[in-house]
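Peer 1: Take a look and give me a structure for this.
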Amino acid sequence: MVAKQNITVAIDGALLKRARAIAARRGLSVSALLADELRALVADDTAYESARRQAMASLKDGLPLGGAKITDRESLHERRRVR
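Peer 2: So this is what the prediction gives:
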């Protein structure tokens, strides 16, 4: 079992009232509601960071767009006669 740690959060009274109502509808305490939301936030952030690292690696390596490799500048600007 993971050891839990208490924290203190200062929030507006109206916000606390609404949070209690949401927690009650879900059958949770406010503490459990906040813990669930924080767990989801951390999971989303972890997934985002993983996707970001993968995207940055793809940008660094480049994407396969097909086409031939250009070996020199002259061949890039070479034009063939079109009839």
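
Peer 1: And the worst-scoring helix or strand of the chain on mean pLDDT, what does it pack against?
Peer 2: Within the chain, no helix or strand scores below helix 73-77, which has a mean of 75 by mean pLDDT, DSSP states H and E. Packing partners of helix 73-77 (3 or more CB pairs under 8 Å, 6 or more residues apart in numbering; DSSP states H and E): none among the helices and strands. Yep, even glycine has a C-beta here, placed from its N, CA and C like the rest.

Peer 1: Now do that helix: everything it contacts.
Peer 2: Ile70 (CB atoms under 8 Å, 6 or more residues apart in numbering).

Peer 1: How about exporting that helix as CSV, limited to the C-alpha atoms?
Peer 2: C-alpha atoms of helix 73-77 as CSV (Å, rounded to 0.1, in the frame of the first residue of the first chain):
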residue,chain,number,x,y,z
ARG,A,73,22.6,22.1,-56.0
GLU,A,74,22.9,21.9,-59.7
SER,A,75,20.8,18.8,-60.0
LEU,A,76,18.1,20.6,-57.9
HIS,A,77,17.8,23.4,-60.4
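
Peer 1: So for stretch 50-63, what gets flagged as buried?
Peer 2: Within stretch 50-63, no residue is scored as buried using 16 or more other CB atoms under 10 Å.

Peer 1: Could I get the CA-only coordinates of it as PDB?
Peer 2: In PDB, the C-alpha atoms belonging to stretch 50-63 read as follows (Å, rounded to 0.1, in the frame of the first residue of the first chain):
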ATOM      1  CA  SER A  50       5.600  11.100 -23.900                       C
ATOM      2  CA  ALA A  51       3.800  12.200 -27.100                       C
ATOM      3  CA  ARG A  52       5.800  15.400 -27.100                       C
ATOM      4  CA  ARG A  53       9.100  13.600 -26.900                       C
ATOM      5  CA  GLN A  54       8.000  11.300 -29.700                       C
ATOM      6  CA  ALA A  55       6.900  14.200 -31.900                       C
ATOM      7  CA  MET A  56      10.200  16.100 -31.300                       C
ATOM      8  CA  ALA A  57      12.200  12.900 -32.200                       C
ATOM      9  CA  SER A  58      10.100  12.600 -35.400                       C
ATOM     10  CA  LEU A  59      10.800  16.200 -36.300                       C
ATOM     11  CA  LYS A  60      14.500  15.800 -35.600                       C
ATOM     12  CA  ASP A  61      14.800  12.700 -37.800                       C
ATOM     13  CA  GLY A  62      12.500  14.100 -40.500                       C
ATOM     14  CA  LEU A  63       9.500  12.500 -42.000                       C
END
